[in-house]
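[1] just coords:
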Ligand code: F6R
């Protein structure tokens, strides 16, 4: 596991963008696993800049998003479909046919989840998976206690995640309680993981992820078992780490 500590948020997301761009240049038809949330916004901004200014092309890239809220249609401003369009897909030359985001309005969740897993396999597996991390150590919506071998499925969001997400909704009652999420087993099959975390609020989760024992109670700790996992943090996110890591 490689831990890279960057000065601030911008440097952290630029480093992640360099890694994603380098993969796309080497393998233009690569398969990316993508995350939503505040953390990867800078990564998407930088990739859009590279598309506009440096000729980075996404036309052959396939993407699979980690998760989506159950009950929100793709047009809902807080849905992850909407987030991805507004913050990334609408600004690059990606082929809409190659974009996969779990569907929050699906009627048969189990069949949908199985289909999603099969599509990942058919695409050849995920080459690089971008991950954020929750303050409670969740990855995607695999909350504490999730099976470390889990596959794409429906999950109940934890109280903490519901509270963390409340800032995006007008009323607390509107915050979705369920999500469809890739499982931890699904994520671990990606050939490369790039986990991003910035700010004091993530410092404890990062300490446990990098230096703690592997436990389902902090799902992100499983990345210690991945051969090609890179954790990129800013100084604040790294502030509780007890050892020195690469800059
Ligand atoms: C979203 C996702 C979540 C977020 C996590 C951190 O697709 O997978 O696990 O990465 O909740 O969210 P932010 O970046 O908003 O702190």
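    Perfect, thanks for sending it. In this text, all values refer to a predicted model and were calculated from it rather than measured experimentally.

[2] The residue in the chain that the ligand sits nearest to: what's it in contact with?
    At 2.3 Å from the ligand, residue 132 is the closest residue in the chain, using Cβ to the nearest ligand atom. To be clear about C-beta, it is placed using only N, CA and C from the backbone, and glycine gets the same treatment. Listed by Cβ atoms under 8 Å, 6 or more residues apart in numbering, the contact set of residue 132 reads 35, 36, 37, 39, 40, 139, 195, 196, 197.

[3] tally of neighbours for residue 53?
    By other Cβ atoms under 10 Å, 8 other residues sit near residue 53.

[4] which residues are contacting the helix or strand that it is a member of?
    Residue 53 is part of helix 41-54 when elements are defined by DSSP states H and E. Applying Cβ under 8 Å, 6+ apart, the set of residues contacting helix 41-54 from outside is 9-10, 12-14, 16-17, 20-21, 56-58, 87-88, 91-93, 130, 196.

[5] Buried ones in that helix, by neighbour count?
    42, 43, 44, 45, 46, 47, 48, 50, 51 (16 or more other Cβ atoms under 10 Å).

[6] In this structure, which helix is the longest?
    Longest helix in the chain, counting residues (DSSP state H): helix 9-26.

[7] tell me what the very next helix or strand once past that helix is packed against?
    Tracing the chain past helix 9-26, the next element assigned as helix or strand by DSSP H and E is strand 31-34. Under the contact criterion of 3 or more Cβ pairs under 8 Å, 6 or more residues apart in numbering; DSSP states H and E, the helices and strands touching strand 31-34 comprise strand 62-65, strand 128-131.

[8] For those, give me TSV that also has mean pLDDT.
    Formatted as TSV, the entries for the helices and strands packed on strand 31-34 read as follows, by pLDDT from 0 to 100:
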stretch	mean pLDDT
strand 62-65	99
strand 128-131	99
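
[9] if you compare the ones you listed, which one is most tucked away?
    Across those, averaging neighbours per residue (mean count of other Cβ atoms under 10 Å) puts strand 128-131 on top, at a mean of 25.

[10] Quickly run through the sheet partners of that strand, with directions.
    Each strand paired with strand 128-131, and its direction, by DSSP bridges: strand 31-34 (parallel), strand 192-197 (parallel).

[11] So is the helix or strand of the chain with the lowest mean pLDDT next to the ligand?
    Of all helical and strand segments in the chain, the minimum by mean pLDDT, DSSP states H and E falls on helix 159-165, at a mean of 86. No: interface with the ligand: helix 159-165 contributes nothing (Cβ under 6 Å from any ligand atom), its closest point being 6.6 Å away.

[12] In the helix or strand just after that helix, which of the residues would be classed as buried?
    Counting by DSSP H and E, the element after helix 159-165 in chain order, helix or strand, is strand 178-181. Residues of strand 178-181 classed as buried by neighbour count (16+ other Cβ under 10 Å): 179, 180, 181.

[13] same thing with stretch 201-214?
    Neighbour-count burial for stretch 201-214 [16+ other Cβ under 10 Å]: 202, 203, 204, 205, 206, 207, 208, 209, 210, 212.

[14] That stretch and the ligand, are they touching?
    No: counting by Cβ under 6 Å from any ligand atom, the ligand has no neighbours in stretch 201-214; the shortest distance is 7.1 Å.
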